[in-house]
Each structure stands twice: as structure tokens, then as C-alpha cells.
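Q: sequence and computational prediction follow.
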Amino acid sequence: MLELVEVCLQKEFHCMHNNVDDLIESALNSKLLSINLESQRLDKKKQEVKKIVEQPNEHGT
């Protein structure tokens with residue numbers, strides 16, 4: 001009987017461990033998505049600035 005309880009506790013710990021791993025993975029994926037979106041936003045802003053900077057040169061030539 002004690003062995004059965006021990007096995008159940010090990011399985012419960014394993015499930016908790018998997019849940020924690022899943023939560024960590026989900027949080028990391030969410031953070032990565034946020035970083036990628038911010039990077040895309042900054043790339044877009046960089047392109048807008050580049051366009052504005054190049055415009056006077058195009059009109060002057």
C-alpha cells in the first residue's frame with residue numbers, strides 16, 4: 001500500500017513538473033513573440049526614417 005502511495009506521489013510530482021515546464025515554455029514563447037513584434041515595429045520605423053532621410057537627396061539631384 002505504501003508503494004502505491006509513493007508511486008502516486010511520484011506521478012503527481014511528474015505532472016506538476018510537466019505543468020511547470022509547460023508554463024515556462026509558454027511564457028518564453030510569449031516573450032519571444034513580443035520581441036519579434038517589437039523588432040518588426042522597429043524595422044518599420046527604421047525604413048520610414050531611411051525614406052525621409054533619402055527624400056531630400058532625391059529632390060536635390
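A: Good, I have the coordinates.

Q: if I look at F13, how far off is A27?
A: To A27, F13 is 21 Å away according to Cβ to Cβ, to the nearest Å. Quick note: C-beta positions are derived from backbone N, CA and C, even for glycine.

Q: E25 versus the residue nearest the centre of the chain, what's the distance?
A: Centroid-nearest residue in the chain: L32, 1.8 Å away (criterion: Cα atoms, centre = their mean). Separation of L32 from E25 (Cβ to Cβ): 10 Å.

Q: number of residues surrounding V53?
A: The tally of other residues near V53 (other Cβ atoms under 10 Å) stands at 9.

Q: tell me the confidence at it?
A: If you check V53, the pLDDT there is 90.

Q: next one: the one 4 residues further on
A: In this model, N57 is scored at 66, pLDDT.

Q: repeat that for T61.
A: Looking at T61, its pLDDT stands at 54.

Q: tell me where the model's unsure across this protein.
A: Applying pLDDT under 70 to the chain picks out residues 57-61.

Q: can you give me the helices in the protein?
A: Under the criterion DSSP state H, the chain carries helices at the ranges 2-60.

Q: with that, I have no additional questions.
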